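*Asks:* could you work out the structure for the sequence below:
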Amino acid sequence: MNHLTFWRDCRRLYLFAAVVIGALFGPDTAASSEPVRKSGYAVGSETCGSGDLAFPRLQIDMKAGYCAGLVASDEDRLKFPRSIVQVPGRDLFVVADMGGWGRSDGRLLLLDPHAPQGQRFKELLTELEYPFGLVIGPDRKLYASTAETIFRFDPLADSPRSTVETIIRHMPGRRITLPDGTRIDESAHPLKQFVFDKHGRLFVNVGSHSDDCMTRARAAKPCAAAEGASALAAIWLFTPPAGGVFPALRPDDPDPQHMVYARGLRNSMALALHPNFPDAGYAFLQGENGQDLPDIFKPNEEINAIEQGRHYGWPYCYDLSTPSPEFRRVLQSGPYKSLCTANALYKAPHSLMPPHGAPLAMLYYRGTKFPELEGKLLVGLHGYRPTGSRILIYEVDDRGFPKPKPAPVRYHVSCAADPTRSFQTDGGEVAAAPFEELISGWHRVNGARPQGAPVGMTVAEDGAIWLVEDKNRTVIRIDRAAGDVPVPLPCEIRSQAMIDQLAAFVARDAQNGVRLTTLRKGLVERHCVGCHSGFGLKPGQSEADKDVAVLRFMLSQDGWIYPGVPDAGKLRTRLRGRRAEKLMPPGGESLPKTEPGYTQLLDTADLLVAKMVPGTRMRIKPGPPQRKFFGRTNRECGEIPAAKVVVVTQRSAVDKPGFSRFFRPADPYLNGECTDDDGYYIRQDFLVPVQ
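*Replies:* The predicted structure follows:
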């Protein structure tokens, strides 16, 4: 259960209407019209920036003194933007738009932020396979990467394609052959991020071919793809000839020689070099995307301090020193014996980062606009889980390394989860580098904004921070903000009107009324009151008033109850200790054995939630991963994954033939375009009964 206090939740409820109205309509609602929607964001008259670099201000929760302006959106025909860099000496930017996964429809685009909306992009290069890296090289030219190549070109030329000079041609890309001869047509991590050091040496991410290098048989040998002179899951080093600039390859020229600089790095999308590197002791940092384990708090992501010749663990170790059980035999003998705990080859992470955050961008801030950030490390977290969708700020020492502190070091999870969590491994709490959040609240808020997914990041010559966000197809510019900090938008929180409606449903259902009383007496008053500000219970209340107070308290908490779907809310996962949720009440492991009827109480809680809304519980039919649903007027409302349960209130909707009307879905499935009053409808043939 959520440890946010009752009074804080009440305050957020009272602020809800004012906040959303302010977010959507600006300060003068009477004089303003419907908000304009761009890439899922509702934008009004407020701007971020100044002069001709003033852009519509986004309602993203940010550090005090900062704001985010929407430079480009899906209106500009962006498809899948992944990186951005400024053209030296010009107020123009190059954006890598991958187009999607599995096709060669990537583009490099020239962005003119001063041009009118809808006319800000010009295509430079097209039909590219996974364009990603964009870097200004030591010769001040613009370098870019595809899945297999790195090249430079002139984005301002009349014919940019005619200026392309390829410097590396044959890196492992989408289609690869492993050392054992296995042919892979779709490698898991084909994107090539890269950085130059001050001597012109080139460090390139060569990602792993899979998330865990596992086959159906238990692994008895080292991961073949990560071995040898052309290992995957590695950082490769290319050294230029005298003068520090790589020559352009002619058609028959071989690629320049490379060496594997560091191994055991699943996917090094976030790379940052201190300006003084490779001078002794200066930082070369990598942000590691850990394995996709189902536990939302395992494994942690990592900041690694890269050193030549070291192994960083993948796929044998995760967190700091936890061995992967699948590779038990590999870790018992040979070169990887005791790799995670007692092997000089292994270098543990410099610091852990929030689990499943997916760091895809990392840089040292150098600029005049934000002197308080000078020299600090910025990290963008792209991940879709609660720990992603944010930009972090790390204090660093004079050599560029984040500064770890002793345990416990706590971080924010999300407003729909525990407010803070300490960095932990299987062995308990651990030291880590603390951070601030430049962007914190970027979760989906229906009617105001979608969930954010930052990828590429750069600092412009004027010191502004530019981001590209692939999920919503946007380019965003961060500038100074004047005035008070906006009140954070709510997260998965119900309006008073919705709470009133649900409370009325329960009051009209005699069986659910009995369930509520049983739950209040047997669970809340006996085990939960002390932990959660009394659940709204007060001396002198009648039995009926106590039931109402407990129900309203539970309905007002972020994510505790999703009506009709008991296994989706925290009330169930916490009471039963499911997934990564902490069991409540504390010490509750023994209650099913020591307290007669306790298991039946948990079942009663499930029934209360399942029967809360009048209607028929139905499941989204198997088939495509997502099923779209709509409002009464055919406005698209969002998508619900197959197998999810909804409460159908009209099997054959009277005002939308061929559709069924169902109760309001959980917030993560809403895209911000529909309202509760309009209703939610899905095609009848997408529904099957719950067995």
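
*Asks:* CA only for contacts and neighbour counts going forward, please
*Replies:* Fine.

*Asks:* name the SS class of Lys628, please.
*Replies:* The assignment at Lys628 comes out as strand when based on DSSP: H, G, I helix; E, B strand; the rest coil.

*Asks:* mind listing the residues bridging to it?
*Replies:* Glu639 (DSSP bridges).

*Asks:* which residues touch it?
*Replies:* Contacts for Lys628 (Cα atoms under 8 Å, 6 or more residues apart in numbering) come out as Glu636, Cys637, Gly638, Glu639, Ile640, Ile682.

*Asks:* how near is the third one to Pro592?
*Replies:* Gly638 sits at a distance of 39 Å from Pro592 (criterion: Cα to Cα, to the nearest Å).

*Asks:* and the two? which has more neighbours close in?
*Replies:* For Gly638 versus Pro592, neighbours defined as other Cα atoms under 10 Å are more numerous around Gly638 (21 against 15).

*Asks:* for the chain, list the residue farthest from the centre, please.
*Replies:* For the chain, the largest distance from the centre (Cα atoms, centre = their mean) belongs to Gly540, which lies 46.7 Å off.

*Asks:* tell me which residue is most central in the protein.
*Replies:* Of all residues in the chain, the one closest to the mean position by Cα atoms, centre = their mean is Gly383, 2.2 Å from it.

*Asks:* pretty sure that residue sits against Pro355.
*Replies:* No: the criterion here is Cα atoms under 8 Å, and Gly383 misses it with Pro355 at 9.2 Å.

*Asks:* what ranges do the helices span in this protein?
*Replies:* 6-25, 339-342, 496-508, 510-519, 543-556, 570-576, 591-594, 598-610 (DSSP state H).

*Asks:* could I get the contacting residues of the nearest residue to Trp101 once chain neighbours are set aside?
*Replies:* Using Cα to Cα, 6 or more residues apart in numbering and skipping residues adjacent in sequence, the residue nearest Trp101 is Tyr130, 7.6 Å away. Neighbouring residues of Tyr130 by Cα under 8 Å, 6+ apart: Met98, Trp101, Arg103, Ser104, Asp105, Gly106, Thr146, Ala147, Pro190, Leu191.

*Asks:* can you add pLDDT and give those back as TSV?
*Replies:* Conversion of the contacts of Tyr130 to TSV gives the following (pLDDT from 0 to 100):
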residue	pLDDT
Met98	94
Trp101	81
Arg103	76
Ser104	84
Asp105	89
Gly106	94
Thr146	96
Ala147	94
Pro190	91
Leu191	94
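
*Asks:* measure the residue nearest to Ala234 when sequence neighbours are not counted to Asp676 for me?
*Replies:* Nearest residue to Ala234 in three dimensions, chain neighbours excluded: Arg263, at 4.4 Å (Cα to Cα, 6+ apart). Distance of Arg263 to Asp676, computed by Cα to Cα: 52 Å.

*Asks:* quick check: which ranges of the stretch 451-600 of the chain have low pLDDT?
*Replies:* 491-493, 530-533, 558, 579-582 (pLDDT under 70).

*Asks:* try it again at 90.
*Replies:* For the stretch 451-600 of the chain, applying pLDDT under 90 flags the ranges 451, 471, 482-499, 525-539, 553-596.

*Asks:* pull the helix or strand with minimum mean pLDDT from the chain.
*Replies:* Every helix and strand of the chain was ranked by mean pLDDT, DSSP states H and E. The lowest is helix 6-25, at a mean of 40.

*Asks:* list the buried ones in stretch 474-494?
*Replies:* Within stretch 474-494, the residues scored as buried using 16 or more other Cα atoms under 10 Å are 474-479, 481, 487-494.

*Asks:* restricted to strands, list the residues you listed.
*Replies:* Here DSSP state E is the test, and those give Thr474, Val475, Ile476, Arg477, Ile478, Asp479 as lying in strands.

*Asks:* and which of the residues you listed is nearest Pro349?
*Replies:* Distance to Pro349, by Cα to Cα, is smallest for Ile478 among those, at 30.0 Å.

*Asks:* what sits against that closest one?
*Replies:* Contact analysis of Ile478 by Cα under 8 Å, 6+ apart lists Cys48, Gly49, Tyr66, Cys67, Ala68, Gly69, Ala464, Ile465, Trp466.

*Asks:* closest one of these to Ser230?
*Replies:* Nearest to Ser230 among the contacts of Ile478 is Trp466, at 34.2 Å by Cα to Cα.

*Asks:* thought Glu437 was touching Arg390?
*Replies:* Yes: under the criterion of Cα under 8 Å, Glu437 makes contact with Arg390 at 7.0 Å.

*Asks:* more neighbours: the two, which one.
*Replies:* Taking neighbours as other Cα under 10 Å, Glu437 and Arg390 compare with Arg390 leading, 27 against 19.

*Asks:* so who does the more buried one touch?
*Replies:* Residues counted as contacts of Arg390 (Cα under 8 Å, 6+ apart) are Gly380, Leu381, His382, Glu437, Leu438, Ile439, Ser440, Gly441, Trp442, Gly452, Ala453, Pro454.

*Asks:* with adjacent residues omitted, what lies nearest to the fourth one?
*Replies:* Same thing as Glu437. Leu392 (4.6 Å).

*Asks:* in the sheet, who's paired with the closest residue to Ala68 other than its chain neighbours?
*Replies:* Excluding the flanking residues, the one nearest Ala68 by Cα to Cα, 6+ apart is Ile478, at 4.6 Å. Under DSSP bridges, the beta-bridge partners of Ile478 are Ala68, Ile465.

*Asks:* roughly how far does Ile478 sit from Val135?
*Replies:* Counting by Cα to Cα, the gap from Ile478 to Val135 is 20 Å.

*Asks:* likewise for Arg520?
*Replies:* According to Cα to Cα, Arg520 and Val135 sit 60 Å apart.

*Asks:* now do Arg390
*Replies:* 23 Å.

*Asks:* over to Gln119?
*Replies:* 25 Å.

*Asks:* do the same with Arg161
*Replies:* For Arg161 relative to Val135 (Cα to Cα), the value is 17 Å.

*Asks:* more neighbours, the two?
*Replies:* Set Arg161 next to Val135 and count neighbours by other Cα under 10 Å: Val135 wins out with 24 against 14.

*Asks:* wait, the more buried one touches Ser145, no?
*Replies:* No: between Val135 and Ser145 there is no contact under Cα under 8 Å: 9.2 Å.

*Asks:* and Gln291, its phi and psi?
*Replies:* Note on Gln291: its backbone torsions stand at phi -60, psi 160 [degrees, to the nearest 10].

*Asks:* count of residues packed around it?
*Replies:* Neighbours of Gln291 using other Cα under 10 Å come to 20.

*Asks:* the nearest residue to it once chain neighbours are set aside and Leu265: what is the separation?
*Replies:* Nearest non-adjacent residue to Gln291, counting by Cα to Cα, 6+ apart: Asp211, 5.8 Å away. When distance is defined by Cα to Cα, Asp211 is 11 Å away from Leu265.

*Asks:* more neighbours, these two?
*Replies:* The residue with more neighbours, out of Asp211 and Leu265, is Leu265; 26 against 20, by other Cα under 10 Å.

*Asks:* give me the pLDDT for the more buried one.
*Replies:* Leu265 is assigned 97 on the pLDDT scale.

*Asks:* list the contacts for Ala432?
*Replies:* By Cα under 8 Å, 6+ apart, Ala432 lies in contact with Ser351, Leu352, Met353, Lys403, Pro404, Lys405, Pro406, Ala407, Val409, Phe423.

*Asks:* run a quick neighbour tally on the closest residue to the third one other than its chain neighbours.
*Replies:* Same thing as Met353. Nearest residue to Met353 in three dimensions, chain neighbours excluded: Glu301, at 4.8 Å (Cα to Cα, 6+ apart). Glu301 is flanked by 24 other residues according to other Cα under 10 Å.
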